[in-house]
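Q: Would you be able to build a 3D model of this:
(2 chains)
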Amino acid sequence: GAVVSQHPSRVICKSGTSVKIECRSLDFQATTMFWYRQFPKQSLMLMATSNEGSKATYEQGVEKDKFLINHASLTLSTLTVTSAHPEDSSFYICSAVGQANTGELFFGEGSRLTVL
Amino acid sequence: GESVGLHLPTLSVQEGDNSIINCAYSNSASDYFIWYKQESGKGPQFIIDIRSNMDKRQGQRVTVLLNKTVKHLSLQIAATQPGDSAVYFCAENIVGTALIFGKGTTLSVSS
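A: A predicted model of the protein is given here:
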């Protein structure tokens, strides 16, 4: 099946620094990727939709200047958490639409961000 | 806004029992539904999906039922095993758009 890879799987950073998380589709091209955030014991919340070659679409309440999304190629989308604060500590998960666009989304294994 | 929800946050069963996890959705325009399993510290794992033109779909040990009349989705796991212990999410979308997730049900299987 299709594989989506996220890197890093875990990252710890100091408050005020920026962190980049990569999401790669390994065996298919993904024109659309989605970024989710999951706080402990809660569900996945959609943050933004990333489209290759265009600006990301952010969900209401998600700051686009804080969560920078770049989808420069058909196999890579990046999420940069800028000037991270402890409240940004969360599990960030990306997903990609398969080539057949049957509706199934393939998920990465997630990236655990801890901001000290 | 419209969202997907679950009826019970936790479900405890004995090994070998059948488990039923329920989900209510509110977006009548959704045409695709998926059940995911998530283990601690990992991303969601696809279990089974169903399209709105079906009311039942079976996989290996799992069955998904869709009742569009009452906007209800359920996941049945036969002969539940300790390895099935995880958080289960239902999710919905209109094909090609982002999935919207429900709140999750934690399944605990005791042996």
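Q: Next, the contact list for the closest residue to A:Trp35 other than its chain neighbours, please.
A: Nearest residue to A:Trp35 in three dimensions, chain neighbours excluded: A:Met47, at 4.6 Å (C-beta to C-beta, 6 or more residues apart in numbering or on different chains). Placement of C-beta: from N, CA and C, glycine included. A:Met47 makes contact with A:Trp35, A:Tyr36, A:Arg37, A:Tyr58, A:Glu59, A:Val62, A:Phe67, A:Leu79, according to C-beta atoms under 8 Å, 6 or more residues apart in numbering or on different chains.
Q: strand partners of whichever strand or helix holds A:Met47, parallel vs antiparallel please.
A: Using DSSP states H and E, A:Met47 maps to strand A:45-51. Applying DSSP bridges, strand A:45-51 is found paired with strand A:32-38 (antiparallel), strand A:57-58 (antiparallel).
Q: Using a markdown table, please lay out those strands together with distance to B:Ile47 and mean neighbour count.
A: What follows is the strands paired with strand A:45-51, written out as a markdown table (distance: least, C-beta to C-beta, whole Å; neighbours: other C-beta atoms under 10 Å in any protein chain shown):
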| stretch | distance to B:Ile47 | mean neighbour count |
| --- | --- | --- |
| strand A:32-38 | 18 | 24 |
| strand A:57-58 | 28 | 16 |
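Q: What distance do you get for A:Gly16 to A:Ser25?
A: Counting by C-beta to C-beta, to the nearest Å, the gap from A:Gly16 to A:Ser25 is 32 Å.
Q: hang on, the earlier thing: among the contacts of A:Met47, which one sits closest to B:Asn53?
A: Ranked by distance to B:Asn53 (C-beta to C-beta), those are led by A:Tyr36 at 27.2 Å.
Q: you'd agree the closest one is up against A:Cys94?
A: Yes. When contacts are counted by C-beta atoms under 8 Å, A:Tyr36 is listed as touching A:Cys94 (7.4 Å).
Q: Chain B contacts on chain A?
A: Residues of chain A lying near chain B by C-beta under 8 Å from any C-beta of the partner chain: A:6, A:32, A:34, A:36, A:42-46, A:49, A:91, A:93, A:95, A:97, A:101-110, A:112.
Q: please redo it, this time with the cut-off set to 7 Å
A: A:34, A:43-44, A:46, A:49, A:93, A:97, A:101, A:103-105, A:107-110, A:112 (C-beta under 7 Å from any C-beta of the partner chain).
Q: hmm, back to that, which of A:Gly16 and A:Ser25 has more residues huddled nearby?
A: Ranked by neighbour count (other C-beta atoms under 10 Å in any protein chain shown), A:Gly16 and A:Ser25 place A:Ser25 first, with 26 against 10.
Q: Report the beta-bridge partner residues of the more buried one.
A: Beta-bridge partners, per DSSP bridges, of A:Ser25: A:Val4.
Q: Adjacent strands (with direction) for the helix or strand of chain A with the lowest mean pLDDT?
A: In chain A, the helix or strand scored least confidently by mean pLDDT, DSSP states H and E is strand A:105-107, which has a mean of 86. Partners of strand A:105-107 in the sheet, by DSSP bridges, are strand A:90-97 (antiparallel).
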